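Trainee: Requesting a structural model of the entry that follows:
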Amino acid sequence: MARFVARRLMWLLLVLFVVSMVTFVLMRLVPGGPFATERGVPETVLRALEEKYNLNATLPEQYLKWIGDIVIPRITDDTYRPSAVNDYLINISLDFIQEDTDFRWMNFGPSLRVRSRTVNNIFQENLPISVQLGIAALAVAMSIGVPAGVIAALNRNSFGDYAGMGVAIIGVSVPVIIMGPTLQYLFGVQWGILPVSGWGKPENVILPAFALGFAQSALLARLTRASLLQVLNEDYIRTARAKGLSERMVIIFHAMKNSLIPVVTVLGPLFAALLTGTFVTETIFGIPGMGRYFVTAVTNRDYPVIMGTILLYAGFLVLANMLVDILYAWLDPRIRF
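Mentor: Prediction:
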């Protein structure tokens, strides 16, 4: 297993390198720039800004400078002064080696549009909020979708099956942009049970997590139903029943683990998408997460924010898929690393 994890981590580095290079080139090929405005910018000011942020260098030089600031760590002493272009995500004190010495790593650079903030500031302040919302939405999706799919499969062609799959179709068909305001109107305006916006309290999580997770729960319900129905027709399930095992034992210990393999496969990219792709939900419920920064960064040509967010999403996606592969071997002993 250790060799498998080490091999996947090497692939992670390669994937992030390719993603960073392709994204870097594509961003520079898009017309416009981070300092473009409707009124225009004086040529002298534009040249000064490009020189300050290294945008007047060639593309290879810009890329090497940007990737070097992220990959190459630094050891600093008491002369180090943090700034917008010199801010590190990881800062570890090395006073046990030498006083006023620190290990610093991962400088994603400054935001070119919000000059008072760096990409690391955005990650530190807004990423935890998106992570909390994504985990809550994933918990909602799994707690609704998997049991609903199991119940539908065990009661095939019954009223419960049709009702559950009907709700699943509605969940897949209704987007968050409709689900969110509907929940706000019912639970916030009409009944006054839950707050319609904001963040920081447990009750603020309920509506956005349900709005974001309900559609995914419908997907998981359909996958679970189809997979469990297929597994229940396998020979080893009939053998288990022929041995006299109770139906509950057959379902829990023989059918469920194998039927969850397609569900676990979807959970990897689903988890990464919920962590970083929540722009609509965050906008509707007034949540200060990562989504709005990523979307506005694209329209504003804020290169460091775009690059940092894409690398973050790619890292989450590859790590989630690696965890899925590890879970495969636990769900089905026939699968090996």
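
Trainee: going forward, measure contacts and count neighbours with C-alpha atoms only.
Mentor: Will do.

Trainee: So which residues of the chain form strands?
Mentor: Across the chain, reading from the start of the chain, the strands by DSSP state E fall at 74-76, 90-93, 102-105.

Trainee: who does the last one pair up with?
Mentor: Same thing as strand 102-105. Using DSSP bridges, strand 102-105 pairs in its sheet with strand 74-76 (antiparallel), strand 90-93 (antiparallel).

Trainee: and the first one, which residues are buried?
Mentor: Right, the one you point to is strand 74-76. By neighbour count on 16 or more other C-alpha atoms under 10 Å, the buried set for strand 74-76 is residue 76.

Trainee: Now do that strand: everything it contacts.
Mentor: Residues lying outside strand 74-76 but in contact with it, judged by C-alpha atoms under 8 Å, 6 or more residues apart in numbering, are 101, 102, 103, 104, 105.

Trainee: what's the answer for the last one, then?
Mentor: Identification of contacts with strand 90-93 by C-alpha under 8 Å, 6+ apart yields 100, 101, 102, 103, 104, 105, 106.

Trainee: same thing but 6 Å
Mentor: Applying C-alpha atoms under 6 Å, 6 or more residues apart in numbering, the contact partners of strand 90-93 are 102, 103, 104, 105.

Trainee: could you dump those to TSV with distance to residue 161 and neighbour count?
Mentor: What follows is the contacts of strand 90-93, written out as TSV (distance: C-alpha to C-alpha, whole Å; neighbours: other C-alpha atoms under 10 Å):
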residue	distance to residue 161	neighbour count
102	60	20
103	58	15
104	56	18
105	53	19
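
Trainee: Could you dump the contacts of strand 74-76 into CSV and include distance to residue 189 and pLDDT?
Mentor: Rendered in CSV, the data for those read as follows (distance: C-alpha to C-alpha, whole Å; pLDDT from 0 to 100):
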residue, distance to residue 189, pLDDT
101, 55, 87
102, 51, 88
103, 51, 90
104, 48, 89
105, 47, 89
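
Trainee: With distance to residue 128 added, can I get those in JSON lines?
Mentor: Compiled in JSON lines, these are given as follows (distance: C-alpha to C-alpha, whole Å):
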{"residue": "101", "distance to residue 128": "28"}
{"residue": "102", "distance to residue 128": "24"}
{"residue": "103", "distance to residue 128": "23"}
{"residue": "104", "distance to residue 128": "21"}
{"residue": "105", "distance to residue 128": "19"}
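
Trainee: Can you say which two of those residues are spatially most distant?
Mentor: 101 and 105 (13.4 Å; C-alpha to C-alpha).

Trainee: returning to what we had before: which one of the strands of the chain lies closest to residue 180?
Mentor: Checking the strands of the chain against residue 180 by C-alpha to C-alpha gives strand 90-93 as the closest, at 36.1 Å.

Trainee: residue ranges for the helices of the chain, please.
Mentor: According to DSSP state H, the chain carries its helices in the segments 2-29, 43-52, 59-71, 119-154, 159-173, 176-183, 203-232, 235-242, 247-249, 256-259, 261-276, 279-284, 291-300, 303-331.
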